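# For reference, the sequence and a predicted model appear below.
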Amino acid sequence: MKKNRTLENAIAAIPSGAVIMVGGFGNPGTPFSLISELVRQGQTDLTLIKNDANEAGHGVSRLIENGQVKKLITTHIGLNKGVIDRMNRGDVEVQFHPQGMLAEKIRTAGAGSFGFLTDIGIDSEITRPEDLLDWQGKTYKVEMALSADFALLHAAHADWLGNLVYQGSAINFSPLMAMAANHVIVETPDLGAPGCFIPEQVHTPGAFVDSVVPLASLTSDYGILEHHVRR
Amino acid sequence: MKKNRTLENAIAAIPSGAVIMVGGFGNPGTPFSLISELVRQGQTDLTLIKNDANEAGHGVSRLIENGQVKKLITTHIGLNKGVIDRMNRGDVEVQFHPQGMLAEKIRTAGAGSFGFLTDIGIDSEITRPEDLLDWQGKTYKVEMALSADFALLHAAHADWLGNLVYQGSAINFSPLMAMAANHVIVETPDLGAPGCFIPEQVHTPGAFVDSVVPLASLTSDYGILEHHVRR
Amino acid sequence: MSVVERILSRAVMEITPGSIVNLGIGLPTQVMHYLPDDFDVQIHSENGILGAWKQAAPEQMDPFLIDAAGAYVSLREGASLFDSAVSFAMIRRARLDLTMIGAFEVDAHGNLANWKIPGKFSPGIGGAMELAQKTQRIVVLTTHTDKHGNPKILKTCRLPLTAKACVSRIISDLAVMDVTDQGLVVREKLVEISDADLQALTEAELTFATEGGTA
Amino acid sequence: MSVVERILSRAVMEITPGSIVNLGIGLPTQVMHYLPDDFDVQIHSENGILGAWKQAAPEQMDPFLIDAAGAYVSLREGASLFDSAVSFAMIRRARLDLTMIGAFEVDAHGNLANWKIPGKFSPGIGGAMELAQKTQRIVVLTTHTDKHGNPKILKTCRLPLTAKACVSRIISDLAVMDVTDQGLVVREKLVEISDADLQALTEAELTFATEGGTA
């Protein structure tokens, strides 16, 4: 069953108020084209789940700058002073998690489980008394699963069954989000026919993917950020 | 740092009484050569964690038949009547888990977490009242993490940093066990130098692996089981 | 047509094009051999395969590639291979459209017992609980009675349950029955048999949607 | 030699051959550039890299391959790339030998505060908590005092903690100090400074293992 969709159709499935996971750690893995279309279509009151806020004028930062985002669930936004300012002004609610806890909360939803027991941050101010569980003689912090209505992902390669292969450091949260979201939309510059992958090398099996959007080319968004080049 | 070991040296690290995870679902992924050496060295009072008990005369069944195993933590031993009989006689203690729960308990230990909340089997006789947790208005079953002293794994390909690539249906529990055991021993018929893998295609990063044992060849244990061939 | 053939040839009609299907150990795994070679389906095997297919020719048989029942399978184009945690994530996230599964007992409430006969047979749970509890649609394949002629389709299961209220449809060698809020409804008969005779072989009460129609 | 150079050139000596090391954002990431090109080490970056290495030549720079600080890295032979769950599993399972990390404050008990200055700077937690809490050895790289000359090495941290009692060693621009059960012990001085002057710049009480020895 072919999962190919146009950019417009794929994003039109998203209603205002949706909870959306967005792949990417910094630029790599950020689905810039899907995000651009979401900016164009203008859905509002979105809750975003992404490792970071990208940088000013890029990726999810554009959704935040455009006032489409109610809440951001993330780990670190230190490279985006504009979003920090909006958070401080109360324009957007920001919820921070330790990075591996965010990954694991998403993965837990993706595994069809409801929460997990950890000791990360258990002695820190991020842990509230009501998060603590005494169980079989020890104390744990309970981290609940984090799911979403949609996931927007970038894959280096895909086939039209939805099998995905990622590249470089662009893997990051994407395989976890593919498992955790109810409707998974993937953009790719390289859409092949089934059989184009070695089966052991598929990162995300097509069963987790709902829509695949082929990109004719990658815009400059996907290129080198000159200010991160060491001189 | 080279992680190459001889078969004898690698297995000699295991003391009697050890808790050992063994990869493989049926034959594929079963580290027959590591197991043979463990039979030869004769460590006893072992606790094994493996999806199944292999078949009579093969793999972990040999350890059980040889009286080296105190306890088996598994999901299904229907293809091994001899081990079922030993279980029924009380010669070996057998603990059953739903297959995906066993996988997830191992993976939870591998993620450095302590347990997870599920609803699998919550209405069945496998769930005891003391496994149930009321949390934020809902009832969950708590499944605790399952770790081990050692993992014995088979990889189709490895390098001497411990990077592993599996093949076919031999992936199964191996990447999870590599994360969950304190000392991970891997056999492989194809040991290469670092650089032999495409970095995105490594299934188990070398950080999780302690010893790699090169095999000169694969014995008949690794071949087709004629009685499973459909005529 | 043997009893098994009758069940399998009806069971194969349950598989809709484009779907993801798990075929349990026993009768269900044999359904694959009734599918046309070009049928658009992805067979999931819980040991880490999506896109398993019929046994390869002898010279292409791969000892490192079996399904959960131990059979040497091949792979279709577009297949993927993955670890057991991902495989069961797929199941628990309800990404499977259909699981066909065997039964020791099944009942009018859709309860399924297929993993344990206390004191007699206890090989373990395997993947059955998660498949039964989480697949979107469960179809049970079973002989209508056991080898002693006793009903396997009961008012209420007596054996330890695999999962509660999970079964949508039962295909036996005699009939196709749906689990509904009003109990079991016979949709088709697979042999010439009267309503009364079919009911006599069934502990659960049957309603006949086919009454006076097909036989 | 600048203050930064002094810290980094001492810090690089902490990296033992064959080890797995994470270099935190800020000063620590720059330590890599002080390593010889053939040094046997695997640099872990929490965005999913084991075996990250120095920036590639411009024509080989890959926009899809950055470290956690955003720098365009290359890969060494034997590198692997993986998802964030695996990356943090590696951290929480203590498969990292060493993390070098920056600090707002660090104290005599080995407590570390480096993620939040309430009311002033709150960019998020990132990977710091898990790295600090779970790496086998934590070495803090920091200027001895802040830009106003106030001590950063305290009796007890005042800012929200990243992790308790996690730091093994502190390398400042002035000295190398170990966290011990008896408090901070100065192992080396990196500049000509008297014990009294070093103590004056440090809120935590210092013990001088180097007393009368090296200066």
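Great, that's in hand.

# which helices and strands does the lengthiest helix in chain A pack with?
Counting by DSSP state H, the longest helix found in chain A is helix A:99-110. In terms of contact count using 3 or more Cβ pairs under 8 Å, 6 or more residues apart in numbering or on different chains; DSSP states H and E, helix A:99-110 is assigned the packing partners strand A:115-118, strand A:138-144, helix A:174-180, helix D:84-92, helix D:128-134. The C-beta positions use only the backbone N, C-alpha and C, and glycine is treated the same way.

# The same query, at a cut-off of 7 Å, please.
Packing partners of helix A:99-110 (3 or more Cβ pairs under 7 Å, 6 or more residues apart in numbering or on different chains; DSSP states H and E): strand A:115-118, strand A:138-144, helix A:174-180, helix D:84-92.

# and stretch A:205-224, anywhere near chain B?
No - using Cβ under 7 Å from any Cβ of the partner chain, no contact is recorded between stretch A:205-224 and chain B, whose separation bottoms out at 12.0 Å.

# Just give me how far that stretch sits from the chain centre.
Relative to its parent chain, stretch A:205-224 has a centroid offset of 13 Å by Cα atoms, centre = their mean, to the nearest Å.

# Kindly report the residues of chain A close to chain D.
Taking Cβ under 7 Å from any Cβ as the criterion, the neighbours of chain D within chain A are A:25-28, A:74-79, A:84, A:96-100, A:103-104, A:107, A:120-121, A:123-125, A:167-173, A:175-176, A:222-224, A:228-230.

# Can you list which of those are found in helices?
Checked against DSSP H, the residues of chain A next to chain D include these in helices: A:84, A:99-100, A:103-104, A:107, A:175-176.

# Could you write me a ChimeraX select line covering just the buried ones among the residues you listed?
Isolation of the buried members of those (16 or more other Cβ atoms under 10 Å in any protein chain shown) is achieved in ChimeraX through the command below:
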select /A:84,99,100,103,104,107,175,176
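
# which two in the ones in helices among the residues of chain A next to chain D are spaced the farthest apart?
Distance extremes for these: the farthest pair is A:Ile84 and A:Pro175 at 28.8 Å, using Cβ to Cβ.

# what's around the residue in chain C that chain B sits nearest to, how many residues?
Checking chain C residue by residue against chain B with Cβ to the nearest Cβ singles out C:Phe88 as nearest, at 2.7 Å. A total of 27 residues lie near C:Phe88 under the criterion other Cβ atoms under 10 Å in any protein chain shown.

# Alongside chain A, which residues does chain C contribute?
When proximity is defined by Cβ under 7 Å from any Cβ, chain C lies next to chain A at C:18, C:20, C:40, C:50, C:75, C:77-82, C:85, C:89-90, C:92-93, C:95, C:134.

# if we go to 10 Å?
Taking Cβ under 10 Å from any Cβ of the partner chain as the measure of proximity, chain C contacts chain A at C:17-20, C:40-42, C:44, C:48-51, C:65, C:75-82, C:85-97, C:130, C:133-134.

# List buried members of these by neighbour count.
Buried positions within these, assessed by neighbour count (16+ other Cβ under 10 Å), are C:19-20, C:41-42, C:44, C:48-51, C:65, C:75-76, C:78-82, C:85-93, C:95-97, C:130, C:133-134.

# residues of stretch C:112-132 that come out buried?
Buried-residue list, stretch C:112-132, by 16+ other Cβ under 10 Å: C:112-116, C:122-132.

# roughly how far is that stretch from the heart of the chain?
That offset, for stretch C:112-132, works out to 14 Å (Cα atoms, centre = their mean).

# Need the CA coordinates for that stretch. CSV is fine.
Below are the C-alpha coordinates for stretch C:112-132, written out as CSV (Å, rounded to 0.1, in the frame of the first residue of the first chain):
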residue,chain,number,x,y,z
LEU,C,112,-9.3,-16.6,24.6
ALA,C,113,-7.4,-19.4,26.3
ASN,C,114,-4.4,-20.8,24.4
TRP,C,115,-1.3,-20.8,26.5
LYS,C,116,-1.7,-23.2,29.4
ILE,C,117,-3.5,-26.4,30.5
PRO,C,118,-2.7,-26.5,34.2
GLY,C,119,-1.0,-29.8,35.2
LYS,C,120,-0.9,-31.0,31.6
PHE,C,121,0.7,-28.6,29.2
SER,C,122,2.6,-25.5,30.1
PRO,C,123,5.2,-24.6,27.5
GLY,C,124,5.1,-20.8,28.2
ILE,C,125,3.4,-17.7,27.1
GLY,C,126,5.4,-16.7,24.0
GLY,C,127,4.0,-13.7,22.2
ALA,C,128,0.4,-14.8,22.5
MET,C,129,-0.7,-12.4,25.3
GLU,C,130,0.5,-9.3,23.6
LEU,C,131,-0.8,-10.3,20.2
ALA,C,132,-4.2,-11.2,21.7
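
# How about it and chain B, touching?
Yes - using Cβ under 10 Å from any Cβ, we find that stretch C:112-132 touches chain B at C:113, C:115-116, C:118-119, C:121-132.

# mean confidence score for that stretch?
The average pLDDT for stretch C:112-132 rounds to 95.

# What pLDDT is listed against A:Glu125?
A:Glu125 is assigned a pLDDT of 95 by the prediction.

# Which positions in chain A make contact with chain B?
Going by Cβ under 10 Å from any Cβ, the residues of chain A near chain B are A:100-101, A:103-104, A:107-108, A:111-120, A:130, A:133, A:135-136, A:138, A:140-145, A:156, A:165-171, A:198-201, A:203.
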